[in-house]
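> give me coordinates for this.
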Amino acid sequence: MKHPRAILLRDRKKRVEQGHPWVYASEIDRMEGEALPGDLVDLHSHQGRYLATGYWNPQSQIIVRIVSYQPIEAMDEDFFRERFEQCALHRSRFVQDH
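Below you'll find the model as predicted:
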C-alpha cells in the first residue's frame, strides 16, 4: 500500500530531521495523492527524500503527527506489538523483574 506523500517546503526549519514529531501546515509545500483525516502520509523533503510517516489531520495546525521514522504499511496490531516490545526492552535496562 502506497501512502499519499506530503512534500515539505525547501526553506522550512529542519525539525523533522532532528526528531521532532510534529509537522505544521505552514511547512507543507504540496501533497501528492489524497489523504483523508487520520490517513497515514509519508513525509518527504523538497528533494524527494523520505523522512517519516505520520497521520494526517487537515483540521489542525499540526497537520502531521509522526509515528515512525521508518516506512510502515499500517498502524495495525503488528505495529503496536512491536512498539510495546521495544518499550519493554528499553525499560528492562532500568527496572529489573523480581
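> only C-alpha atoms from now on, for both contacts and neighbour counts.
OK.
> now the strands: where do they sit in this protein?
5-8, 22-24, 28-32, 40-44, 50-56, 62-68 (DSSP state E).
> what mean pLDDT does the first one get?
By that I understand strand 5-8. Mean pLDDT, strand 5-8: 97.
> looking at this structure, which helix or strand is least sure?
Taking mean pLDDT, DSSP states H and E as the measure, the helix or strand of the chain with the lowest value is helix 77-92, at a mean of 88.
> want to throw the strands of the chain into CSV with mean neighbour count and distance to residue 76?
CSV is the format used below for the strands of the chain (neighbours: other C-alpha atoms under 10 Å; distance: least, C-alpha to C-alpha, whole Å):
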stretch, mean neighbour count, distance to residue 76
strand 5-8, 23, 20
strand 22-24, 16, 21
strand 28-32, 15, 24
strand 40-44, 24, 12
strand 50-56, 22, 13
strand 62-68, 19, 12
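> same list, those strands, but as JSON lines with distance to residue 86 please.
Conversion of these to JSON lines gives the following (distance: least, C-alpha to C-alpha, whole Å):
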{"stretch": "strand 5-8", "distance to residue 86": "27"}
{"stretch": "strand 22-24", "distance to residue 86": "22"}
{"stretch": "strand 28-32", "distance to residue 86": "31"}
{"stretch": "strand 40-44", "distance to residue 86": "21"}
{"stretch": "strand 50-56", "distance to residue 86": "18"}
{"stretch": "strand 62-68", "distance to residue 86": "13"}
